[in-house]
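S.K.: fold the following and give me the result.
(3 chains)
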Amino acid sequence: MKIRLENVVKTFETFRAVKDVSLDIESGELVALLGPSGSGKTTILRMVAGLEFADGGHIYFGDQDATDIPVRDRGVGFVFQHYALFPHMTVAQNIAFGMKVSKVKREKAAIDIRVTELLRLVRLEGLGDRFPAQISGGQRQRVALARALAVDPKVLLLDEPFGALDANVRRDLRRWLREIHSELGITTLFVTHDQEEALDLADRVVILKDGQIIQQGTPEAVCRDPQSAFVMKFLGDANVIAADVRDGRAYAGDVSVEATGVTDGKAELYARPSDLDWSAEGPGIAATISRVLDRADGRRVLATTGAGEALEFDVEPERVVKAGEAGFVTLRRAKVFAV
Amino acid sequence: MSAFPPRRKPPRVGDAPLFRRALIGVVLLLVALVIVAPLVIIGVEAFAKGWAVYRDTIVHPDTLHAVMLTVLAALIAVPINTAFGIAAAWAITKFDFRLKRFLLVVIEIPFSVSPIVAGVAYLFVYGLQGILGPLLDAYDIKILFAIPGIIIASMFVTAPFVARELIPLMQAQGRDLEEAATSLGASGFRTFLSVTLPNVKWALLYGVILCNARVMGEFGAVSVVSGNIRGQTNTLPLHIELLYHDYQTTGAFAAASILALIAVFTIIAKVALERQGAGRVRKTANPAEKTS
Amino acid sequence: MTKGGGGSVILHRRISFRRLLPIKGTDRVRRRNVLPGLPLSLGVTLFYVGLIVVLPLAALVFKAASLGPEDYWRIVSSPRAVASYRVTVLSALGATVFNLFFGLSLAWVITRYRFPGRRIVDAVVDLPFALPTAVAGIALTALFANNGWFGSVLESYGIKVAYTPLGIMIAMCFTSLPFIVRTVQPVLEDLDPALEEAAQSLGGSDWAIFTKVILPLLAPALLAGVSLSFARCLGEFGAIIFIAGNLPMSTEITALLIFIRLEEYDYQAAAAIASVLLLTAFLMLAVTNWLQARALRYTARG
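M.R.: All right, here's what the predicted structure looks like:
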């Protein structure tokens, strides 16, 4: 099922949570809505579900205008942030709930078979008789997913699906959700504030800020070509170096990078820690190492430039560097944004 | 977290042994004098003249009639107030609308208003000099100084009981469960019956029991609107007053003992229901959120 | 992402007047609700509240207002009425102050200490709520009459309780005690021990920690309990009329005076005096809400 949002607006009291958002989601696509808290991502998700009604604009499911269809009849599977499992029902009863209340009457035996099937799909065979309080957080998450899938939804919507879980469980479930998605091919939209989660899982990432989409694209596109300082910073660690732009190049210290399309004058260079390197000789940005942090996967260096900017970059573990050492920071690549 | 908590804990504020013992002692003494003694003396006075006198009072037609009337009032007022409480709690906790906080205050007004004031207020609605009085009189409908008046006055006094038990709990539980049920296709009634109700049933029952105790014991409002007609519009509390002022002290206490028993039952029910999680909003409203 | 919650649970009676203003800044507002049942449930609620609560109180105010200012003032400021206000308010103040200390101590003992019988004490705190006021009234009278268990002891020290203002106070204490205990208790239970530990680690004495850390945190609940308790005392009738002497000008409470005016078929006087009690109750509600809003300022976000 293809989903289209057209100029959707939502206001709470006087707070404009979603401002004129338009978005197309292809059938079978797995899309992440990524943004800091307050960016409107959950509100958008809830509007797609029918748990909030848009104040303006339209939401289409395929060719059907779903804007005014209530959540009961919209045919979406929604996985709540804290799962919203019915605490007084067993896992199996939770999963069966949607089929029991459905207008389409089903045989009890058919429901039982479907429940067993879903329990197998989410790898919870044998836990059907437990209550939500008796299983782990990761298991609850999977019950919530099974419950949402039980009604054969046209669209699967997940609100911060892994937010409440430990890092390890989170990583496992991410892979597993991806597998389920390829198996079922259901159009899926999920909300997260964790850029790693969005990039790992989604076919396409939609980055939101203050109720507006500021960039969208494949993980590759948004990572390699962030179009604003905000996206650059939000997607990962970034060093910021003051620079001057003249005739399409940005200059900082002895180095310069290409800055086509940036207006002349003050600008900022953004570089990932892996985009910088350390060298005893110039050309580069003169700096002094203030601290060296050893990590399992490498060595992180903290340095201060002559202008007082704090920079972080990674060097190979074999490289000998010491605090107090003076030298030059070199640039492999950087993005330039006008101030 | 260790399975065996250390036996000795550093003292918290107010844990100095002397202070602790003194405070417990004073509080227990006051509880005994202020709260327990009145209950005890009801029993003592009721049986002051022996079992036979007690029994005679209880089975006296006037007493029995008062009991019947009290039960009747409860049978009508409690279900109505329960329905109202559920409706109010649903509207207030599951939706946002303007004037919601104002509505909350209005619902709780009966708690702050003297029962006598309530009784007087009803006189000016249904009484002869009230706004509906002439109309009711024309059709010969008697509300005041009759059973309907007693029931309506009881309804005023106990209107907030069920709602005020349900609202904090349903507020704390949020709307996620209902939204989940609705997103799975459940209808409104289905959602209420199979998702909301099971999670608030003990609080609901507790509210009902409190409401019942208060309906049965209401005195001030009822004494204004009942007309105190012996054998006709006397509820149990009014009957107690009548006997007491007739200097039938033992009889009054015998009748009072029935209500005292209901009060004790109410408290026992409360404790039992609180063990089931009613009466107190749990910190994590959805137990599924707790990490085992 | 979620909208602001409902605020504190016991203190949900605060009114935010900002909420009452129309919502501005939305161009095309389609306010609809996701969950079903608002029209039915709100309709039932408004109808019932209107019929059972608002209509009679409005009728009372209307009746009192129809008196005209001069007659109204003459009735509500008559010496007997004023004397009844005095004895009611003073007794209520005395009872509330006593219950403030007793109720706080009781809540403290129940939540902070473990001792045999604690659960029973916790349970019997509700007895004054559950026991009908008339029953409480005759029981207290029997205890404090000059031949009663307590009355005879106090009599030998020259203290008379039954049929004096002291008796009124005791009846008020009894009926309003649970308000303070039950509003303070949950807050005391949920008090984060880390706050006390932090204060202890900073070298605070128990007394300093109690007055500077614990008490301020309890203040909103205490205020709520105190005002509920005071309001209940002002309106109490059943428990008091048995133990009070009901002598005009000295031991006649306002609620009783209303009742007497009714029995004299002086409905206008009853309405006028009842309206005074009603306005006092509303005033108490407003003051409570305002005090709580002030006391909870630090919980406001943004």
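S.K.: show me the domain layout of the chain.
M.R.: Picked chain A for this. Domain assignment for chain A, taken from automatic domain parsing, gives A:3-230, A:237-338.
S.K.: let me rephrase: I mean chain B.
M.R.: B:15-46, B:50-287.
S.K.: most tightly packed of those?
M.R.: Mean neighbour count (mean count of other Cβ atoms under 10 Å in any protein chain shown) peaks for domain B:50-287 among the domains of chain B, with a mean of 21. (Glycine included, C-beta is placed from N, CA and C.)
S.K.: roughly how far does the residue nearest in space to the middle of chain C sit from residue B:31?
M.R.: Centroid-nearest residue in chain C: residue C:228, 1.7 Å away (criterion: Cα atoms, centre = their mean). Residue C:228 sits 20 Å away from residue B:31, taking Cβ to Cβ, to the nearest Å as the criterion.
S.K.: what do you get for residue B:63?
M.R.: In terms of Cβ to Cβ, residue B:63 sits 31 Å off from residue B:31.
S.K.: please apply the same query to residue A:258.
M.R.: Relative to residue B:31, residue A:258 is positioned 82 Å away (Cβ to Cβ).
S.K.: repeat that for residue C:68.
M.R.: Counting by Cβ to Cβ, the gap from residue C:68 to residue B:31 is 50 Å.
S.K.: repeat that for residue B:55.
M.R.: The gap separating residue B:55 from residue B:31 is 32 Å, by Cβ to Cβ.
S.K.: what's the answer for residue C:41, then?
M.R.: Distance, residue C:41 to residue B:31, using Cβ to Cβ: 41 Å.
S.K.: now do residue C:50
M.R.: If you go by Cβ to Cβ, the gap between residue C:50 and residue B:31 works out to 41 Å.
S.K.: now do residue A:297
M.R.: Separation of residue A:297 from residue B:31 (Cβ to Cβ) stands at 65 Å.
S.K.: equivalent analysis for residue C:244, please.
M.R.: As judged by Cβ to Cβ, residue C:244 and residue B:31 stand 24 Å apart.
S.K.: residue C:157 too?
M.R.: For residue C:157, the distance to residue B:31 equals 22 Å [Cβ to Cβ].
S.K.: one more: residue C:111?
M.R.: With Cβ to Cβ as the criterion, residue C:111 and residue B:31 are 15 Å apart.
S.K.: check which residues of the helix or strand hosting residue A:58 are buried.
M.R.: Residue A:58 is part of strand A:56-61 when elements are defined by DSSP states H and E. Residues of strand A:56-61 classed as buried: A:56-57, A:59-61 (neighbour count, 16 or more other Cβ atoms under 10 Å in any protein chain shown).
S.K.: any idea which helix or strand in chain C has the lowest mean pLDDT?
M.R.: Of all helical and strand segments in chain C, the minimum by mean pLDDT, DSSP states H and E falls on helix C:193-201, at a mean of 83.
S.K.: how about the next helix or strand after that one as PDB, C-alpha atoms only?
M.R.: Using DSSP H and E, the helix or strand that directly follows helix C:193-201 along the chain is helix C:206-209. C-alpha atoms of helix C:206-209 as PDB (Å, rounded to 0.1, in the frame of the first residue of the first chain):
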ATOM      1  CA  ASP C 206      16.800  15.500  60.900                       C
ATOM      2  CA  TRP C 207      14.900  18.600  61.900                       C
ATOM      3  CA  ALA C 208      16.500  20.700  59.200                       C
ATOM      4  CA  ILE C 209      15.800  18.100  56.500                       C
END
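S.K.: run the chain-centre distance for helix C:206-209.
M.R.: 29 Å (Cα atoms, centre = their mean, to the nearest Å).
S.K.: what about the one residue in chain A that gets nearest to chain C? Give its phi and psi, please.
M.R.: Nearest residue of chain A to chain C: residue A:42, at 4.0 Å (Cβ to the nearest Cβ). The phi and psi values for residue A:42, taken as degrees, to the nearest 10, are phi -70, psi -40.
S.K.: so what pLDDT did it get?
M.R.: pLDDT, residue A:42: 93.
S.K.: quick check, it in contact with residue A:159.
M.R.: Yes - between residue A:42 and residue A:159 there is a contact at 5.8 Å, judged by Cβ atoms under 8 Å.
S.K.: do the helix or strand encompassing residue A:96 and chain C meet?
M.R.: Secondary structure assignment for residue A:96, by DSSP H and E: helix A:91-101. No - counting by Cβ under 8 Å from any Cβ of the partner chain, chain C is not contacted by helix A:91-101; separation bottoms out at 12.7 Å.
S.K.: by contact count, what packs against that helix?
M.R.: If you count contacts as 3 or more Cβ pairs under 8 Å, 6 or more residues apart in numbering or on different chains; DSSP states H and E, helix A:91-101 packs onto helix A:108-121, helix A:137-149.
S.K.: one step back: enumerate every residue touching the residue nearest to the centre of chain C.
M.R.: Contact analysis of residue C:228 by Cβ atoms under 8 Å, 6 or more residues apart in numbering or on different chains lists B:111-112, C:176, C:179-180, C:183, C:288.
S.K.: beta-bridge partners for residue A:11, please?
M.R.: Beta-bridge partners recorded for residue A:11 (DSSP bridges): residue A:16.
S.K.: residues near it, how many?
M.R.: Residue A:11 has 21 neighbours, counted by other Cβ atoms under 10 Å in any protein chain shown.
S.K.: what does residue A:14 give?
M.R.: 9.
S.K.: for it, give its distance to chain B.
M.R.: 14 Å (Cβ to the nearest Cβ, to the nearest Å).
S.K.: just residue A:278 next, same as before
M.R.: Distance, residue A:278 to chain B, by Cβ to the nearest Cβ: 44 Å.
S.K.: beta partners for that residue?
M.R.: Note on residue A:278: beta-bridge partners by DSSP bridges are residue A:329.
S.K.: who touches it in this structure?
M.R.: By Cβ under 8 Å, 6+ apart, the contact list for residue A:278 reads A:289, A:301, A:303, A:313, A:315, A:319, A:321, A:327-330.
S.K.: hmm, the longest helix seen in chain B in reach of chain C?
M.R.: Assignment by DSSP state H gives helix B:61-94 as the longest helix of chain B. Yes - using Cβ under 8 Å from any Cβ, helix B:61-94 reaches chain C at B:83-84, B:86-88, B:90-94.
S.K.: closest one of the residues you listed to chain A?
M.R.: residue B:94 (12.5 Å).
S.K.: is it correct that that closest one is in contact with residue C:35?
M.R.: Yes - at 5.0 Å, residue B:94 and residue C:35 qualify as touching, with contact defined as Cβ under 8 Å.
S.K.: my guess is residue B:46 contacts residue B:56, does it?
M.R.: No - Residue B:46 is beyond contact range of residue B:56, at 12.0 Å (criterion: Cβ under 8 Å).
S.K.: can you map out the helices along chain A?
M.R.: Assigned by DSSP H, chain A shows helices spanning A:41-49, A:71-74, A:91-101, A:108-121, A:137-149, A:167-184, A:195-201, A:219-224, A:229-235.
S.K.: mean neighbour count added to those helices, as TSV?
M.R.: Below are the helices of chain A laid out as TSV (neighbours: other Cβ atoms under 10 Å in any protein chain shown):
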stretch	mean neighbour count
helix A:41-49	25
helix A:71-74	20
helix A:91-101	23
helix A:108-121	15
helix A:137-149	24
helix A:167-184	15
helix A:195-201	20
helix A:219-224	16
helix A:229-235	19
